[in-house]
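**Q** Take a look and give me a structure for this.
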Amino acid sequence: MRNIDTMATAFNLNNIQAISIGTLPQEALEEFMLIRKKIHLQSEFDNLVLEEVEHYYEAYFNSPFQMIFVARYKNEIIGYCAYHREERECSQHVAYIEMGVLEEYRGKGVGTALENWVENYVINKGVRKLLGITLQNNMLGISFCTKLNFRIEGKLKNHIHINDEYYDCYMMGKWLNI
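**A** So this is what the prediction gives:
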């Protein structure tokens with residue numbers, strides 16, 4: 001088992017001083033939803049699937065099978081990585097992740113730090129595989145996932161439907177080293 005807790009840990013990252021990563025407290029859900037919306041609106045691709053899903057994230061606070069981690073700089077949320085896994089025993093070894101980083105902090109290691117944090121956390125929960133979904137034409141997202149050793153495992157035809165158009169997505173997976 002790797003030693004990791006859910007408390008914030010501060011560290012320096014590239015040219016950004018004092019980044020901290022920790023769990024999102026429930027009282028910060030509204031702040032998180034505003035930052036999540038801003039992150040997704042900054043993306044050429046993710047804004048296609050932006051929905052107000054606060055009730056979806058509220059469930060994260062009442063389940064041992066899901067968690068939201070946030071990166072903070074100067075006490076402001078600059079990125080997040082949420083994970084959830086199924087309660088069925090046969091698939092508890094798989095966690096699905098969703099991630100976003102504010103545009104001005106992209107390329108500085110924040111996303112990588114968040115993914116590494118979540119990876120260490122979920123390994124302690126028995127997770128052996130991470131999965132994520134990205135739009136097929138999101139080359140930056142695919143490149144980022146590939147850098148983190150995710151591989152395309154399948155294509156989800158017409159997976160996203162927005163404004164009378166259907167979009168294909170890739171399911172990307174990563175087997176975790178224990």
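**Q** so who does Gln66 touch?
**A** Gln66 sits next to 59-60, 82-85 when contact means Cβ atoms under 8 Å, 6 or more residues apart in numbering. Bear in mind the C-beta positions are built from the backbone N, C-alpha and C, glycine included.
**Q** Mind listing the residues bridging to it?
**A** Counting by DSSP bridges, Gln66 forms beta bridges with His84.
**Q** related to what we said a few turns ago, please produce CSV containing the contacts of Gln66, extended by pLDDT.
**A** Below are the contacts of Gln66 laid out as CSV (pLDDT from 0 to 100):
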residue, pLDDT
Ala59, 77
Tyr60, 80
Ala82, 92
Tyr83, 92
His84, 92
Arg85, 91
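**Q** Closest one of the residues you listed to Ile39?
**A** Using Cβ to Cβ, the shortest approach to Ile39 within these belongs to Ala82, at 12.0 Å.
**Q** hang on, that closest one in a strand?
**A** Yes. The assignment for Ala82 is a strand, going by DSSP: H, G, I helix; E, B strand; the rest coil.
**Q** Next SSE downstream of the helix or strand of the chain with the lowest mean pLDDT?
**A** Lowest on mean pLDDT, DSSP states H and E among the helices and strands of the chain sits strand 9-13, with a mean of 58. Downstream of strand 9-13, the first helix or strand assigned by DSSP states H and E is strand 16-23.
**Q** could you point out which element follows that next one?
**A** Following strand 16-23 in sequence order, the next helix or strand is helix 29-42 (DSSP H and E).
**Q** all strands for this structure, in order.
**A** 9-13, 16-23, 66-73, 76-85, 94-101, 129-135, 151-162, 165-175 (DSSP state E).
**Q** returning to that earlier point: ok, so of the contacts of Gln66, who is nearest Val70?
**A** Lowest distance from Val70 to the contacts of Gln66 (Cβ to Cβ) belongs to Ala82, with 9.3 Å.
**Q** show me the contacts for the closest one.
**A** The contact partners of Ala82, by Cβ under 8 Å, 6+ apart, come to 57, 60, 66-69, 97-99.
**Q** Met67 too?
**A** 6, 23, 60, 82-83, 118, 121.
**Q** next one: Arg128
**A** 93-94, 175-176, 178 are the contacts of Arg128 under Cβ under 8 Å, 6+ apart.
**Q** repeat that for 6 Å
**A** Residues in contact with Arg128 (Cβ atoms under 6 Å, 6 or more residues apart in numbering) are 93, 176.
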